[in-house]
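In: Requesting a structural model of the entry that follows:
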Amino acid sequence: MTFANEQVLEFYKELPFNIFGSTEEHKEFIRSGASLKPHTALLEIINKQSRVLEVGCGVGRFSAQIEDRFGASVTAIDFNPVVIEYAKEAAKSLGLNVKYEAADLFRFEPQEKFDICVSLGVLHHTNNCVAAVQRCLDSYVKADGFFYLGLYHLYGRRPFLQHFADMSASGASEEELLSEYARLDNGKTDQTYLRSWFRDQVLHPHETQHTLKEITEVCAKSGARLVSTSINQFKRFDSESELFEREIEYEEVSKQRIVEGKYFPGFFTALYQKN
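Out: This is a model prediction of the structure:
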């Protein structure tokens, strides 16, 4: 059984997310390691001996940067064969050995489980995010291994989506929506890169939003405990309940960012360790 969304697949075949207009710029970005910088909790647990799986790798930058920086053994899968070919070509030209494979995460069957499974901004685009989380933990993470997950946040995402929904309801065209997105997320100068982000953030055909509380309860059922989260900037916490209370505040933070004219995607990450 699969919960992969075919409409999402076709959407990303048309214009893959996170893609530059220049292949050389794509490769330069891999070498920069920039994608890794916000994920301090993940970086602390990866080493050269780690076997890492990225679920939903897209154009392959994150997985390539892990292999480039740590020399770890990295496998990366994505439902979209278009991005897998793109990722393979870039990695090969850089002398990297990431094992890229076009695969449905609900049907992928590795020969052995991994030390670390990473999935950032992907599982909320399936038809059953909870089942996808359980699949990653149950099928891909070995005992004592880690699952590093990134999802749209229910509270933090809502104002951003409402802002663009209100614009659309008022008759704004797609180009006007793009212009507003570019105003908020003003660091992207490559027009292909900008449009890929705009489509992903504003025009996406299917996404769901989640809370740390919900996902932590789901992970607990698969025998995994919360280690750290971006909700409190990966700092030590005394109880999960304090994090669950804190995450509600992200709705006001998101509203304020819209007022300030700043991009706030409403996204959270969390690191879990399996028993």
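In: What's the local residue count around residue 181?
Out: Residue 181 sits with 24 neighbouring residues when counted by other C-beta atoms under 10 Å. The C-beta positions use only the backbone N, C-alpha and C, and glycine is treated the same way.
In: Against residue 215, how distant is it?
Out: Counting by C-beta to C-beta, to the nearest Å, the gap between residue 181 and residue 215 amounts to 27 Å.
In: just residue 73 next, same as before
Out: Applying C-beta to C-beta to residue 73 and residue 215 gives a distance of 27 Å.
In: more neighbours, the two?
Out: Just comparing residue 73 and residue 215: by other C-beta under 10 Å the higher neighbour count belongs to residue 215, 21 against 18.
In: Double-check the more buried one against residue 151; I have them as touching.
Out: Yes: under the criterion of C-beta atoms under 8 Å, residue 215 lies in contact with residue 151, with a separation of 6.7 Å.
In: separation between residue 223 and residue 191?
Out: Residue 223 is 46 Å from residue 191, where distance means C-beta to C-beta.
In: I should have written residue 51 there, sorry.
Out: Counting by C-beta to C-beta, the gap between residue 51 and residue 191 amounts to 38 Å.
In: Could you check which of the two has the larger neighbour count?
Out: With neighbours defined as other C-beta under 10 Å, residue 51 and residue 191 compare such that residue 51 has more, 17 against 12.
In: I'd guessed that one sits against residue 118; true?
Out: No: distance between residue 51 and residue 118: 11.8 Å, which falls outside the contact criterion (C-beta under 8 Å).
In: those strands in the chain, which residues are they?
Out: Under the criterion DSSP state E, the chain contains strands at 51-55, 73-78, 99-102, 114-120, 141-152, 224-229, 267-274.
In: Turn those into CSV, including mean pLDDT and distance to residue 86.
Out: Conversion of the strands of the chain to CSV gives the following (pLDDT from 0 to 100; distance: least, C-beta to C-beta, whole Å):
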stretch, mean pLDDT, distance to residue 86
strand 51-55, 98, 15
strand 73-78, 98, 10
strand 99-102, 98, 9
strand 114-120, 98, 18
strand 141-152, 98, 21
strand 224-229, 98, 31
strand 267-274, 98, 23
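In: For residue 35, find the nearest of those.
Out: Between residue 35 and the strands of the chain, the shortest separation by C-beta to C-beta is 8.9 Å, and it involves strand 114-120.
In: Mind listing residues that contact that closest one?
Out: Strand 114-120 has contacts (C-beta atoms under 8 Å, 6 or more residues apart in numbering) with 42, 45-46, 49-56, 62-63, 66, 75, 132, 136-137, 140-142, 145-150, 269.
In: ok, of those residues, which come out buried?
Out: Buried residues within the contacts of strand 114-120, defined by neighbour count using 16 or more other C-beta atoms under 10 Å: 42, 45-46, 50-56, 62-63, 66, 75, 132, 136-137, 140-141, 145-150, 269.
In: count of neighbours near the residue nearest to residue 78 when sequence neighbours are not counted?
Out: Leaving aside its sequence neighbours, residue 78 sits nearest to residue 57 (C-beta to C-beta, 6 or more residues apart in numbering; 4.9 Å). Look at residue 57: counted by other C-beta under 10 Å, it has 27 neighbours.
In: Repeat that for residue 189.
Out: 8.
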